[in-house]
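Asker: Here is the input, now give the coordinates:
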Amino acid sequence: MNRYVAFLRGINISGKNKISMSELKAEFEAMGFSEVSTCLNSGNVIFTGEASDIKAMIEKRIIVRFGFEIPAFVIKLDALKDIMAHAPKWWNTGDKSWYDNLIFILSTDTPADICTLVGEPSKGLETVQIYGNVIFWTFDRNAYQKCNWWKKTACAGIAEKLTIRTANTINKICK
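Answerer: Next up, the predicted model:
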C-alpha cells in the first residue's frame, strides 16, 4: 500500500464548493482508503491505498456526493518529499517578505508549457524554477500586484490548469 496526497482544486474558496474536511475524510474512507487525514480546510488529503486510477475515482466521487466538479492532483507522498528535497535554495527560506508556492499541473501541459503560457517572472520580484512535473514559485509579498505570475496564474485559460499550495501547507503535509 502506498501513501498518497490528493490536492483538490477550488474547495472552500470564497464560500464556493464547500466541503467539510470531516465529510471529505469520510468519503475517502468510503472509497476504501485508510489512514485518511486532511490538512487545513482547502482540500488536502493524505491517505493510504491502491487503485488503478485514484484521480478519476476521487473526482467522480466528489461529483456524485457533493454535486460539483473538483479537479484532483494525486501524488505519492514519497514523490512529494523528493520534490521538497530538491527545492531551490531561494525557496522556503523562512524570509516572511517572500511568499513561496508550489504549482502542480492538472492539465496535460508540461511545466515548460505553463512557463511559456504565463511568461517571464517579473525581474527582482518573483522567481520560478521547474523540478520534475512541478514549478517552484516565490514572489515579493509587498509587490505581489506587480508580479506577472501572480496576475496570470489566476487568469482564465491558465488558472484551471493548476492547483497551487504554499510552502507552509506542503511542509505540514510532509511532516
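
Asker: start to end distance for stretch 32-47?
Answerer: Terminal residues of stretch 32-47 lie 10 Å apart, using C-alpha to C-alpha, to the nearest Å.

Asker: tell me, how many neighbours does Arg165 end up with?
Answerer: Arg165 has 24 neighbours, counted by other C-beta atoms under 10 Å. C-beta here means a position set from N, CA and C on the backbone, and glycine is covered the same way.

Asker: hmm, I was thinking of Ser20
Answerer: Using other C-beta under 10 Å, Ser20 is surrounded by 12 other residues.

Asker: Please renumber the chain so that the first residue is 678 from this point on.
Answerer: Done: numbering now begins at 678, and the last item shifts to Ser697.

Asker: what separates it from Ile847, distance-wise?
Answerer: To Ile847, Ser697 is 23 Å away according to C-beta to C-beta, to the nearest Å.

Asker: In contact with Ile847, which residues?
Answerer: The neighbours of Ile847, taking C-beta atoms under 8 Å, 6 or more residues apart in numbering as the test, are 757, 761, 779.

Asker: If we ignore the residues flanking it in sequence, what's nearest the second one?
Answerer: Once its chain neighbours are removed from consideration, Met761 has its nearest residue in Cys851; the separation is 5.6 Å (C-beta to C-beta, 6 or more residues apart in numbering).

Asker: In contact with that neighbour, which residues?
Answerer: Contact analysis of Cys851 by C-beta under 8 Å, 6+ apart lists 754, 757-758, 761.

Asker: Please report phi then psi for it.
Answerer: With angles defined as degrees, to the nearest 10, Cys851 sits at phi -80, psi 0.

Asker: Arg686 and Lys773, how far apart?
Answerer: Counting by C-beta to C-beta, the separation of Arg686 from Lys773 is 26 Å.

Asker: Which of the two has more residues huddled nearby?
Answerer: Higher neighbour count among Arg686 and Lys773: Arg686, with 21 against 7, using other C-beta under 10 Å.

Asker: Verify the stated contact: that one with Phe745.
Answerer: No - contact criterion C-beta atoms under 8 Å: Arg686 and Phe745 do not qualify, at 11.4 Å.

Asker: Ile747 contacts Leu685, correct?
Answerer: Yes - using C-beta under 8 Å, Ile747 is in contact with Leu685, at 5.1 Å.

Asker: Tell me how this protein divides into domains.
Answerer: What automatic domain parsing lists as the domains of the chain is 679-757, 763-851.

Asker: any idea of the mean pLDDT for the shortest one?
Answerer: By that I understand domain 679-757. Summarised as a single mean, pLDDT over domain 679-757 is 95.

Asker: residues near the residue nearest to Leu717 when sequence neighbours are not counted, how many?
Answerer: Leaving aside its chain neighbours, Leu717 sits nearest to Thr846 (6.1 Å; criterion: C-beta to C-beta, 6+ apart). Neighbour count of Thr846, defined by other C-beta under 10 Å: 17.
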